[in-house]
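Need coordinates for the below:
(one chain, ligands or ions: 2)
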Amino acid sequence: MASPSYLSVKDLTAPQTLEVLQLAGQLKREVRAGTPHPRLAGRTLAMIFQKPSLRTRVSFEVGMTQLGGHAIYLGPSDIKLGERETVEDIALTISRMCDVIMARVFGHDSVAGLAQHATVPVINALSDREHPCQILADLQTIQERKGRFEGIKAVFVGDGNNVAQSFLYGGALLGMSVTVACPRGYEPLAEIVTDATAMGRRTGAAIAVSNDLMAACRGADVLYTDVWASMGQEAEAAKRKHDFSGWQIDAALMAVAKPDATILHCLPAHYGEEIDYAASRTPNSAIFDQAENRLHAQKALMLHLMGA
Ligand code: CP
Ligand code: NVA
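Numbers count the residues shown, from 1 in each chain. Ligands and ions are numbered 1, 2, ... in the order given. Have a look, this model is predicted:
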């Protein structure tokens, strides 16, 4: 029997998302105060990685430790998802021993297949389509900095990638307007833009795609960016460097946004490409808050999905 999974930002309703964010805030205060909260004692998280990671691995592993549970790292050479054995058999086997699975994969169908066959919750820790855990942490960060989502104007600058696509859904879900500003040819999937636009109509979020960087960023409350070439796109890196030239968060772009605009980057960053190093170190930058909030948001997510 399938358990509730989190493959997309859309897999939680707006009230559920706000509940998880509230719990994330509470867990953050408990960590700060040194209050133990072993709510997953005796439980085990299986972490499947087809790609490298710093934040995702550390935040999930530390999160399980803080919750009194245990995490097992299964790297690219350990289980060889879909090569050594099928996604179905991996899901069924892990479900017999572990209580929750997180997977970072290339094709979204791999994490969807795990969720289809597992009898424990499956969490998408980045696929080619979405990075929902990142966006949960980003929403927590925006809430901390801005105190609200409604009326906020956020712009994602650069590639219309997995992070951009989840960000569109995050804004649409909670009533925050999101524009993806990207060079022609690097737009997010049309089906996701259409879907997020319809969701946004119900919540008051304006969802848009623009090829005009400066116009899109004028008056923005939040400027968000990510690398020009994602993991798995290494062969396109040179072409992308050319195509994305100038698509950078820097002082000139910050000058057209609101003076208190929050700067976001999911990291890892390529300084001098999608973001200027100096811009990333201004008081406006919340990039390391985002990184820390991965810990709190994902702990809250696991507790929600596991009903603990
Ligand atoms: N932002 C993020 O997911 O970082 P890692 O790739 O280091 O996990
Ligand atoms: N878009 C990037 C995000 C890394 C956290 C990638 O997929 O590589």
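
And residue 264, how far from ligand 2?
12 Å (CB to the nearest ligand atom, to the nearest Å). Placement of C-beta: from N, CA and C, glycine included.

can you pull the contacts of that residue?
138, 141-142, 222-225, 286-287, 290 (CB atoms under 8 Å, 6 or more residues apart in numbering).

Skipping its backbone neighbours, what lies nearest it in space?
The shortest distance from residue 264 to any non-neighbouring residue, by CB to CB, 6 or more residues apart in numbering, is to residue 224 (4.0 Å).

thought the one you found was touching residue 153?
No. Between residue 224 and residue 153 there is no contact under CB atoms under 8 Å: 11.7 Å.

count of neighbours near residue 237?
Other residues near residue 237 come to 13 when the count uses other CB atoms under 10 Å.

Correction: the previous question concerned residue 230.
Counted with other CB under 10 Å, residues neighbouring residue 230 total 18.

How about residue 25?
17.

which stretches of the stretch 1-150 of the chain have low pLDDT?
1-2 (pLDDT under 70).

Do a quick rundown of the helices in it.
Using DSSP state H, counting those that start in this stretch, the helices of the stretch 1-150 of the chain run over residues 14-33, 55-66, 76-79, 87-97, 108-117, 132-146.

Write out the residues of the chain neighbouring ligand 1.
Applying CB under 6 Å from any ligand atom, one finds that the chain approaches ligand 1 through 53-56, 126, 134, 266-268.

OK, contacts around residue 205?
171-172, 174-178, 199.

Look up the pLDDT of it for me, please.
pLDDT, residue 205: 98.

Okay, it and ligand 1: tell me how far apart.
Distance from residue 205 to ligand 1, counting by CB to the nearest ligand atom: 23 Å.

That residue - that's part of a helix, no?
No. Residue 205 is assigned coil when assessed by DSSP: H, G, I helix; E, B strand; the rest coil, not a helix.

and residue 202, how far is that from residue 21?
Applying CB to CB, to the nearest Å, the value for residue 202 to residue 21 is 19 Å.

can you pull the contacts of the residue nearest to the spatial centre of the chain?
The residue lying closest to the centre of the chain (CA atoms, centre = their mean) is residue 134, at 2.0 Å. With contacts defined as CB under 8 Å, 6+ apart, the neighbours of residue 134 are 126, 163, 166, 266, 290, 294.

which residues in the chain form strands?
Applying DSSP state E to the chain gives strands spanning 44-49, 70-74, 100-104, 122-124, 153-157, 177-181, 207-210, 222-225, 262-265.

among those strands, which is nearest residue 10?
In terms of CB to CB, the element of these nearest to residue 10 is strand 122-124, at 11.2 Å.

for that closest one, packing partners?
Under the contact criterion of 3 or more CB pairs under 8 Å, 6 or more residues apart in numbering; DSSP states H and E, strand 122-124 touches strand 100-104, helix 108-117, helix 132-146, helix 287-306.

which helices and strands does the second one pack with?
Translated: helix 108-117. When contacts are defined as 3+ CB pairs under 8 Å, 6+ apart, helix 108-117 sits against helix 87-97, strand 100-104, strand 122-124.

the inter-axis angle of the longest one versus strand 100-104?
For helix 87-97 against strand 100-104, the angle between stretch directions is 140 degrees (axes from the mean of the first three to the mean of the last three CA atoms, to 10 degrees).

Buried residues, helix 87-97. List them.
87, 90-91, 94-95 (16 or more other CB atoms under 10 Å).
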